[in-house]
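Colleague: one predicted model, sequence on top.
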2 protein chains.
Amino acid sequence: MDKRATIKDVAEAAGVGVATVSRVLSGGSASPHTRERVLAVAAQLDYRPSALGRNLRQRRTGGMGLLVPDLTDTFYAQLAEGVLACARSAGEPVLLGSTGGDPEQEAELIGMLLEQSVDRLIAVPSGDEETWAPAIRAGMTVVFADHLPAPPSPVSYSGPFSGPSSGPSSGDDPAVRSVHDLMLLDGLSAAPRSRPLDAPSVVADDRAGIRTAVRYLRGLGHKRIAFLGGPGHDRRAAAFGEAVGAPVDEELVVFGTGSRDSAYAAASGLFQSRPDLSAVVAGGNVLGEAAVLAARELDLRVPRDVSLVMYDDVPWAELCSPPLTVIAQPGRDMGYRAAELVLRSGARKPRSVVLPTELIIRGSCGPHR
Amino acid sequence: MDKRATIKDVAEAAGVGVATVSRVLSGGSASPHTRERVLAVAAQLDYRPSALGRNLRQRRTGGMGLLVPDLTDTFYAQLAEGVLACARSAGEPVLLGSTGGDPEQEAELIGMLLEQSVDRLIAVPSGDEETWAPAIRAGMTVVFADHLPAPPSPVSYSGPFSGPSSGPSSGDDPAVRSVHDLMLLDGLSAAPRSRPLDAPSVVADDRAGIRTAVRYLRGLGHKRIAFLGGPGHDRRAAAFGEAVGAPVDEELVVFGTGSRDSAYAAASGLFQSRPDLSAVVAGGNVLGEAAVLAARELDLRVPRDVSLVMYDDVPWAELCSPPLTVIAQPGRDMGYRAAELVLRSGARKPRSVVLPTELIIRGSCGPHR
DNA sequence: CACTCACGTGGATACGTTTTCAAGCATCTC
DNA sequence: GAGATGCTTGAAAACGTATCCACGTGAGTG
């Protein structure tokens, strides 16, 4: 149980100063002779520089933070895997936090990262811009993934998940919002909002993805198409409204709050209140899951009675019967790209990266009857 | 963009020494008057102690490391959520690493954690005891979750995942091992192995879970039952061998290497080489997924042609048709308990926690025909 | 030859905290 | 009243590193 060697030990053993050792190991200049000698001694002593000393000296912790709403959501798991892959190849640590979709927990986790002096952060945001302003102001390099934080609004929605329970039960908060609000939210808003938080982001081309899906459903003859969304799906909902055209039936755009229970409740409520709908676009895989479950419970057959397109391609989409037609977005790539962005702190970097989506047609959509 | 206040600023502003500030904030003794004053000033300056200084002083990074094979495996995601929940309530950071099931990457990640001076680690191990001995020797408090590292063996198996690709394709490595080896491995081995690595662990009651499943299948009349396992499922395989009884058909115990491709290949190979089997126990959700896919591809109907029980209850198990009968293990609890264990470093702690499993009967098992 | 310049080098410092140590002071005990 | 005892307190010493700066040496230039 011997203590680890420090830079001082190496310096003494090599007969040089600590500064020289530090330089050699940090890639600074040194004479070939000295360099060789130092490296040999370092290897001999199995010296590994302590991140502690370095961090304190540079007043910043290396690596990056990663904040996602819920790892149980396969898409976020894919995204996290991408981030981890990039971080691993860069030899950088990743501090992970799961917000549960709750802005309050998110703020807490940001505070913790600040305390750790982590100044690089990848986030799938749950809170709005107000939640994120402090982090940016504190000098953090933040890259948003999947979507940007919503602009602050007095009637802020986006509550926390109701809990980790998974079985579908009749929730109480279908939380219907009109697509009109959403389009206002997305476009030029009436309220003079603060300058829109300049942080780079890596997102999927929601607009194109949704549009393709809606067109596909239209091509199958569907007229009454519903959108089932969750937290962070504002852009998708807006794109949906845009794709279906002007006379948007507001009842056909429904939101859950992020938990599986809430998603199930929203889906179930949608099917029950609008038996006339013939197709549903689910804004994420948790909502797609809920839609399948709710449809089955209500004896609606897919795709005979109702067609379903789900955002996110996940392994189990193929397991459903019929296999689910999905809008695939490259979750892993998204994470990897976000990590690359947050690491290339110095260079001029793109404001925003938009990744392509792909409609993968399986068996959950049929012609309108 | 003002710099954060340091303990020195607080001390000066409060007219006391830095030691006093440190004591007050760390819960040490101080006169009520001083305490109040310091706290007021600290709040006033929005002072938050820097983890950097503390870490260096105590020569250890707070928080804990978490190493899992693959977040895309829903079970590990659940486990991670449990760890994160506990860590969050303790205000401790979590450094996450994904090993991809590769002992080499695992060793690299351990090295990185060592460099970060993280001395608490929760791991779902991929490497064997040899991989883990250095970490333990280095003074890390390691808690294993889900299963223990395998004892070192010359014919070590457990290769890395083949990659992040997800679609099933015909792999090349069904990697069949005999159950005889496994039982030897689990019981008293012939080779004199080094003392078995005393680290606490949190695992599910694999033996009971598997036994219950096998008995259930037996009760339905099944005679030829196969086990489809993956890395880390040695205990389950051994329990399977034990449950089916002495004359174990070695061809009926098959292993994949962890990737979805390999799992699919193993499942497909199993079904093709042994058309006489009537039931399969999948050792994990990725293998269950593969079994469903492979069965479908080979036109085997579940449960008409083959019955299936899957280890792990995951949300999408209910989405399959028929819904999958599963052996549920409390993934989230497992993570939470492991985190509790690794945090209670001082107290006398249990060597090992065993969590109960539950057979949840849905629709993927039918009577033998 | 004198001067400059470039470069390799090591001493010293600072990063922000916890912890040790001794000093100061009030109270208690004999 | 003198000594002992307890409590509060602040100065100082680490912890391991990166970096500033000054020094010395050798080569190049006038």
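Modeller: Looks like it came in fine.
Colleague: roughly how far apart are residue A:49 and residue A:6?
Modeller: Taking Cβ to Cβ, to the nearest Å as the measure, residue A:49 falls 9 Å from residue A:6. Any C-beta I mention is one placed from the backbone N, CA and C, and that applies to glycine too.
Colleague: kindly apply the preceding question to residue A:146 instead.
Modeller: 42 Å.
Colleague: what sits against the residue of the stretch 251-369 of chain A found nearest chain B?
Modeller: The stretch 251-369 of chain A approaches chain B most closely through residue A:316 (3.8 Å), counting by Cβ to the nearest Cβ. For residue A:316, the contacting residues are A:74, B:289, B:316, B:319, B:320, by Cβ atoms under 8 Å, 6 or more residues apart in numbering or on different chains.
Colleague: and if we set it to 10 Å?
Modeller: With contact set as Cβ atoms under 10 Å, 6 or more residues apart in numbering or on different chains, residue A:316 has these partners: A:74, A:285, A:288-289, A:323-324, B:74, B:285, B:289, B:292, B:314-317, B:319-320.
Colleague: now do the same for the closest residue to residue A:93 other than its chain neighbours: its pLDDT.
Modeller: Setting aside the residues directly before and after it, residue A:93 is nearest to residue A:63 in space (Cβ to Cβ, 6 or more residues apart in numbering or on different chains), at 3.8 Å. Here, the pLDDT recorded for residue A:63 equals 95.
Colleague: who has more neighbours out of residue A:146 and residue A:6?
Modeller: More crowded of residue A:146 and residue A:6, by other Cβ atoms under 10 Å in any protein chain shown: residue A:146, with 26 against 16.
Colleague: if we can go back for a sec, what do residue A:49 and residue A:6 both touch?
Modeller: By Cβ under 10 Å, 6+ apart, the residues touching both residue A:49 and residue A:6 are residue A:21.
Colleague: can you pull out the low-pLDDT segments for the stretch 101-250 of chain A?
Modeller: The model of the stretch 101-250 of chain A has pLDDT under 70 over residues A:154-196.
Colleague: redo that, cut-off 50
Modeller: A:156-159, A:162-176, A:178, A:180-191 (pLDDT under 50).
Colleague: that one: strands as residue ranges?
Modeller: With DSSP state E, counting those that start in this stretch as the criterion, the stretch 101-250 of chain A has strands at A:120-123, A:141-145, A:201-204, A:225-229.
Colleague: dump the ones you listed to CSV, plus mean neighbour count.
Modeller: Listed next are the strands of the stretch 101-250 of chain A as CSV, based on neighbours: other Cβ atoms under 10 Å in any protein chain shown:
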stretch, mean neighbour count
strand A:120-123, 28
strand A:141-145, 24
strand A:201-204, 23
strand A:225-229, 26
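Colleague: with distance to DNA strand C added, can I get these in TSV?
Modeller: Shown next, in TSV, are the strands of the stretch 101-250 of chain A (distance: least, Cβ to the nearest atom of the strand, whole Å):
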stretch	distance to DNA strand C
strand A:120-123	18
strand A:141-145	19
strand A:201-204	30
strand A:225-229	43
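Colleague: picking that back up, overlap between the contacts of residue A:316 and the residues near DNA strand D?
Modeller: Subset of the contacts of residue A:316 in contact with DNA strand D: empty, counting by Cβ under 7 Å from any atom of the strand.
Colleague: tell me, how many residues neighbour residue A:52?
Modeller: Residue A:52 has 22 nearby residues by other Cβ under 10 Å.
Colleague: wait, isn't it in contact with residue B:116?
Modeller: Yes - assessed by Cβ atoms under 10 Å, residue A:52 is found in contact with residue B:116 at 7.9 Å.
Colleague: need the overlap of contacts for these two.
Modeller: A:61, B:55, B:60, B:61.
Colleague: out of those, which sit inside helices?
Modeller: By the criterion of DSSP state H, membership of the shared contacts of residue A:52 and residue B:116 in helices covers residue B:55.
Colleague: quick one: buried residues of stretch A:29-47?
Modeller: By 16 or more other Cβ atoms under 10 Å in any protein chain shown, the buried positions in stretch A:29-47 come out as A:30, A:34, A:35, A:37, A:38, A:39, A:41, A:42, A:47.
Colleague: give the contact list for the residue in the stretch 151-300 of chain A positioned nearest to DNA strand C.
Modeller: At 24.7 Å from DNA strand C, residue A:199 is the closest residue in the stretch 151-300 of chain A, using Cβ to the nearest atom of the strand. For residue A:199, the contacting residues are A:121, A:123, A:125, A:129, A:132, A:135-136, A:140-144, A:148-149, A:351-352, by Cβ under 10 Å, 6+ apart.
Colleague: residue contacts, the most centrally placed residue in chain A?
Modeller: In chain A, the residue lying closest to the centroid (Cα atoms, centre = their mean) is residue A:124, at 3.6 Å. Counting by Cβ under 10 Å, 6+ apart, residue A:124 touches A:66-70, A:73, A:75-76, A:79-80, A:99, A:101, A:106, A:144-147, A:149, A:231-232, A:334-335, A:338.
Colleague: and chain B, which of the residues you listed reach it?
Modeller: A:66, A:68, A:70, A:73, A:76, A:79, A:80, A:99 (Cβ under 10 Å from any Cβ of the partner chain).
Colleague: now these in a markdown table, with distance to residue B:94, secondary structure and neighbour count?
Modeller: Conversion of the ones next to chain B among the contacts of residue A:124 to a markdown table gives the following (distance: Cβ to Cβ, whole Å; DSSP: H, G, I helix; E, B strand; the rest coil; neighbours: other Cβ atoms under 10 Å in any protein chain shown):
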| residue | distance to residue B:94 | secondary structure | neighbour count |
| --- | --- | --- | --- |
| A:66 | 10 | strand | 29 |
| A:68 | 12 | strand | 28 |
| A:70 | 15 | coil | 24 |
| A:73 | 18 | coil | 26 |
| A:76 | 15 | helix | 26 |
| A:79 | 17 | helix | 30 |
| A:80 | 12 | helix | 28 |
| A:99 | 13 | coil | 27 |
